[in-house]
Each structure stands twice: as C-alpha cells, then as structure tokens.
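>>> sequence below, structure please.
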Amino acid sequence: MSVTLDIRLKRANKVYHEGEALAGVVVLMSKEPVQHQGISLNMEGVVNLQLSSKSVGVFEAFYNSVKPIQLISSNIEVAKAGKVPGGKTEIPFEFPLLTKGNKVLYETYHGVFVNIQPQKAKVLPTPVDFTITPDTLQNTRERSLLPKFLIRGHLDATTCVISQPLTGEVVVENSQVPIKSIELQLVRVETCGCAEGYARDATEIQNIQIAEGDVCHSLSIPIYMVFPRLFTCPTLETTNFKVEFEVNVVIVLHDDHLITENFPLKLCRV
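Numbers count the residues shown, from 1 in each chain. The predicted model follows:
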C-alpha cells in the first residue's frame, strides 16, 4: 500500500529564534485507509566539526573529541496507534525551540570545517586607521629591495553588523612603481579542537576589486563590501570551535608583487 508523508511548516519564513514554537502539519496521502502503530516527530539541532585533510594523522586523539555537539533534541507523539482514512490527512504539531541544559542555540551556518544545524549583541563603532609602507610589512626579509610606497586609509569599523556593508577608504599617497590593482579579500577562519590540539583553516570567501590600474595619487578610493549571506555568520567562539573573519587590503603592483594588510573583524547581528 502506497502512503506519502510530508512535513509542512506554518510559516513561509523558516527563520526561528530560541523560545519560539516550531509549528506545522504532518500531511499523509493514501488511496485507502492505513493502519499504524503511532506517529512521532523528532527534532535535533547539532554542531558538526570536521578536520581538514591536512590535519589527518596529526591529531589522532582529536578524532574522539570531534563529535557532533547536540544543542536541541525533542521528540513528540503527534498521533497514537490507529487508522488514517483514505485521502489527505493533516495532523498538527508544535515543537518549542528550547536548548538542552545551558547550551546556546547558535545561528544556522554552513562552513567548510564547521557546520551548525540550528545572539544578538551591542555593536560599538571600532574605526581603525592604517598606513602601509615597506617598513610596516610583516614577513618581508628583503625590505631594501621593495619599491618605495606610502598608502594610507581607514576602515569605519572592524566590529561590524553583518547585514550592513564594510566601509572605509584607501589613498595611495605615492608609489615608485605603477599599481595594477587594489582588492578587498574576505577570509573565513574556522578552528576546531579540544585539549589534545586544534586545527585552524582559513578560506577566502570573497574578493572584490575596488581599483584597477595605476590610480591617481592622493585620491580617496572608497571601500565598500557587502558580507555574503551564505558564507558569513556572526563571529562565534566556543570551547570546541571558533568561526572568525578577517579582511585583507591587497595592493597588486605591476610585477604582480602583493602588498597585504590584514584586519581581524568581529561580525554581529543586531
């Protein structure tokens, strides 16, 4: 006997917050009456942690600790044993969105090494000014071989509301060699771990060119970057995992030499 089952939520918008009710109907379709031993629904919310391939073999003890972190686990019976008549039957259900113990219901998020299956914060302006010269560059052994340049700028905030753009400006005061491009690179940093060790992986999730060619000196170039909805989430830091974000201001010289200035970001949802 053929029976089809579907779960339909009452709300078209599937965004829920802790404390709200997850309500809907179980829809059964059959041509003939169907006997059953009861119908129940189970709802789970978990955080899955996954090691990157480069960490395999490094943290053997880590594998036992990288287990799904359960945030929600609820089971309800929507119908006792009985018979469903032929045709279409709708059985209502409702789950309260309550976490287990003292767990936090993090925002649903799909990264590369951290996945969350289902906090608002105060955002204080944190502007930052920067100056880039050969002397300010890190991890550069032969600064004397670099051309002379002076680049200034600022970010309006490094603590950012995720629904609003990252803004600021960059100014090339002078440069001995022509500039090929100026770019903004958004990086997601996912860290998974425990007492035995941590695996940290950075992934470029967006790159925007804000200037092309040898730009005019002393000209203000606006910085404007919208945070991609599917690849960002509010900054998270827990015992077993972290999801953080950084932005790089990248200056590409005519010989494809890269000059990079890095800024950690804190993303919030208000």
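
>>> Three-state assignment for the closest residue to P68 other than its chain neighbours, please.
Setting aside the residues directly before and after it, P68 is nearest to V46 in space (CB to CB, 6 or more residues apart in numbering), at 4.3 Å. Yep, even glycine has a C-beta here, placed from its N, CA and C like the rest. Using DSSP: H, G, I helix; E, B strand; the rest coil, the three-state assignment for V46 comes out as strand.

>>> confirm that D135 sits in a strand.
No - going by three-state DSSP, the assignment for D135 is helix, not a strand.

>>> pull the number of nearby residues for it.
D135 is flanked by 9 other residues according to other CB atoms under 10 Å.

>>> need the pLDDT of it.
Each residue has a pLDDT score; the one for D135 is 86.

>>> next: T191.
According to the model, T191 carries a pLDDT of 86.

>>> OK, contacts around it?
By CB atoms under 8 Å, 6 or more residues apart in numbering, T191 lies in contact with Y198, A199, R200, D201, F241, K242, V243, E244.

>>> element containing H17?
Under DSSP states H and E, no helix or strand contains H17.

>>> surely it touches L97?
Yes - distance between H17 and L97: 7.2 Å, which falls inside the contact criterion (CB atoms under 8 Å).

>>> spit out the residues that contact these two alike.
Residues touching both H17 and L97 by CB under 8 Å, 6+ apart: L105.

>>> which of those two has more neighbours?
Set H17 next to L97 and count neighbours by other CB under 10 Å: L97 wins out with 17 against 10.

>>> what separation do you get for the residue nearest to P68 and L71?
Relative to L71, V46 is positioned 6 Å away (criterion: CB to CB, to the nearest Å).

>>> go on, C192?
Applying CB to CB, one obtains 16 Å for the distance of C192 from L71.

>>> with I151 instead?
45 Å.

>>> okay, now the domains of this structure?
By the assignment in automatic domain parsing, the chain contains the domains 3-105, 128-268.

>>> just say which of those is most tucked in.
Comparing these on average neighbours per residue, with mean count of other CB atoms under 10 Å, the densest one is domain 128-268 at a mean of 16.

>>> tell me where the stretch 1-150 of the chain has helices.
Listed from the start of the chain, the stretch 1-150 of the chain has helices (DSSP state H, counting those that start in this stretch) covering 62-65.

>>> hang on, Q209 packs against E183?
Yes - Q209 is in contact with E183 according to CB under 8 Å; the separation is 5.1 Å.

>>> report the beta-bridge partners for R188.
T203, F245 (DSSP bridges).

>>> where does the stretch 151-270 of the chain dip in pLDDT?
Applying pLDDT under 70 to the predicted model, the residue ranges of the stretch 151-270 of the chain that meet it are 194-197.
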